[in-house]
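> Sequence first, then the predicted structure, then my questions.
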Amino acid sequence: MKQWTLDDIATCLGTPLLNHDPGIQLSGISTDSRTLEEGSLFVPLVGENFDGHSYAQMAVEQCGARAIVWARQERPEWLASNPDVAVFPVADTLEAYQALGLYWKKKCQVRCIAVTGSVGKTTTKEFLGHFLSPRFDLHKSRANYNNDIGVPKTLLELQPKHEIVIVEMGMRGRGEIQRLVRASEPEVGIVTAIGTSHLELLGSREEIACAKAELVQGLPSDGRAILPKSDDFFALLCDRSAAGVVSFSSEPGSGADLEPDAILSEDAQSTVFTLEGQSYRLPLPGRHHLHDLFAVLATGYSLGLAVGDMLEALPTLGNPEGRAEWIELAGAQFYLDAYNSAPESLRASLGVLASCTGRRVAVLGDMLELGSQGLRAHREIGETLGQYGVALALCYGPLCESLAQQAKSTGVDAHWFAEKEELTEFLSRELREGDSVLVKASRGMALETVVDGIKERVGQNVAGARCDV
């Protein structure tokens, strides 16, 4: 395994190395003094409510940092009294950290695939890992490493054995994805969809599309943009792409480069489709999962892989940890999908619920970050809830009060609760054997605690299950 040297740091940051052996090897690079290994480079990041420079002395004198990036004019006495520590002065430590990540990626000669989109980013990233790992030695971002700090952290985890790194790119405003593209230089960029997440920050779907388009604008001319053919903003994304486009869709007949020939069946367990004269079973429910699958197939195709070869791994595909999962509890089937929520993903999950038998129960929490359109979006869901066969709706959160009101006006037995504990108690009393229960909300609502509360009340352990259809 290659290791960092002081000369690598100096070369990357453009900082002269004085009075130190350039060949000295470092054990790693860290921004956290709590996990810093002896002999590492410490990069003190600065934010609105923290300044890593405050922990630099501890990093050196207690943790054994061998080098440090420094963005302060003053040089404290403790730094002068540690002459063995190499100091690299920079204007901005975050920019330095990102430069180090990109330098290391290039030194390891690893190709980069970047994924962004309003919904489906993490699922697509995990699907990519599943389908590409038999053909490539790859590394992918962990957890929510999808921001200015997480992307370089992912790149710094690379080893020379890796051939591909998959990074996820989140976005909370214009310019953020552009920075992440500069920090990682992807060759392939995937936009999963343009939805309504972040309307609160950007104001319109067109603005969201423009922000997401920063990914494909930053691709090299010989790269590939993997774009959703059926999306309203497909043309905008194509126009802004600096690379060639490979399109995908879950809709037969859309005209995409990669799409199913036909969809034979859909239920709460799976989707069966045909492609290139063969029949395949996607062992996950919902058209949204099929959409993400074809994004991955289009990506593999752009890398020169045969679609049929990739689909050999389809039978073992599962949901990413913490994403939509079936749980059997008290004789009922719970579809827990409380990692995030937006109108598009909520309708997809309601579609899964509609394919279930038994009484259909929807436990819903607020969809956040919709801005001025939040109230209307919740009302629109409430108006159509009965069309998904929902018999009982239990709602939590200020925005979901309007959802419950609208659902009730259409004949759905809908209830709104100011406290999750009250909702949980009501559900535990009303739950029937054979019920199919969707639990869906934005992450900030922490609606998974309702399922935890049901477990405590019924005294049962969780068993993974699928909805019987």
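Thanks, I have the structure now.
> going forward, measure contacts between C-alpha atoms and count neighbours the same way
OK.
> in stretch 43-58, what counts as buried?
Buried positions in stretch 43-58, judged by neighbour count with 16 or more other CA atoms under 10 Å: 43-45, 52-53, 56-57.
> which of the residues you listed sit farthest apart?
The distance between the two most remote of the buried residues of stretch 43-58 (CA to CA) is 14.1 Å, for L45 and Q57.
> returning to what we had before: CSV for the buried residues of stretch 43-58, including pLDDT and secondary structure?
Shown next, in CSV, are the buried residues of stretch 43-58 (pLDDT from 0 to 100; DSSP: H, G, I helix; E, B strand; the rest coil):
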residue, pLDDT, secondary structure
V43, 98, coil
P44, 97, coil
L45, 96, coil
G52, 95, helix
H53, 95, helix
A56, 95, helix
Q57, 95, helix
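> between these, which is nearest T274?
L45 (50.2 Å).
> Correct me if wrong: the closest one contacts A56.
No - under the criterion of CA atoms under 8 Å, L45 makes no contact with A56, lying 10.3 Å away.
> The helix or strand encompassing L201 - contacts with which helices or strands?
Counting by DSSP states H and E, the element that carries L201 is helix 199-202. Applying 3 or more CA pairs under 8 Å, 6 or more residues apart in numbering; DSSP states H and E, we find helix 199-202 packed against helix 205-212.
> and the helix it packs on, how far from the chain's centre?
17 Å (CA atoms, centre = their mean, to the nearest Å).
> Check which helices and strands it is in contact with.
By 3+ CA pairs under 8 Å, 6+ apart, helix 205-212 packs against helix 199-202, helix 234-240.
> how distant is the helix or strand just after that helix from the center of its chain?
For helix 205-212, the succeeding helix or strand toward the C-terminus, using DSSP H and E, is helix 214-217. Taking CA atoms, centre = their mean, one finds helix 214-217 lying 17 Å from the centre of the chain it belongs to.
> Tell me who's in contact with the closest residue to H20 other than its chain neighbours.
In this structure, H20 finds its nearest non-sequential neighbour in A86, 6.9 Å apart by CA to CA, 6 or more residues apart in numbering. Taking CA atoms under 8 Å, 6 or more residues apart in numbering, we find A86 in contact with 6, 17, 20, 66-68.
> Let me see the domain layout of this protein.
6-90, 108-316, 325-464 (automatic domain parsing).
> And these: which comes nearest L100?
Counting by CA to CA, L100 lies closest to domain 6-90 out of the domains of the chain; the figure is 6.4 Å.
> Next, the distance between the ends of the closest one.
This stretch, domain 6-90, spans 15 Å end to end (CA to CA, to the nearest Å).
> So which residues of the stretch 201-350 of the chain form strands?
Taking DSSP state E, counting those that start in this stretch, the strands of the stretch 201-350 of the chain run over residues 224-228, 244-248, 262-266, 271-275, 278-282, 325-329, 332-337.
> Figure out which of those strands is closest to K420.
Taking these one by one with CA to CA, strand 332-337 is closest: 15.6 Å.
> List the buried residues for that closest one?
For strand 332-337, the neighbour count (16+ other CA under 10 Å) marks 332-337 as buried.
> Determine which residue lies closest to the centroid of the chain.
T122 (3.1 Å; CA atoms, centre = their mean).
> does that residue really touch E168, like I thought?
Yes - counting by CA under 8 Å, E168 is a contact partner of T122 at 7.1 Å.
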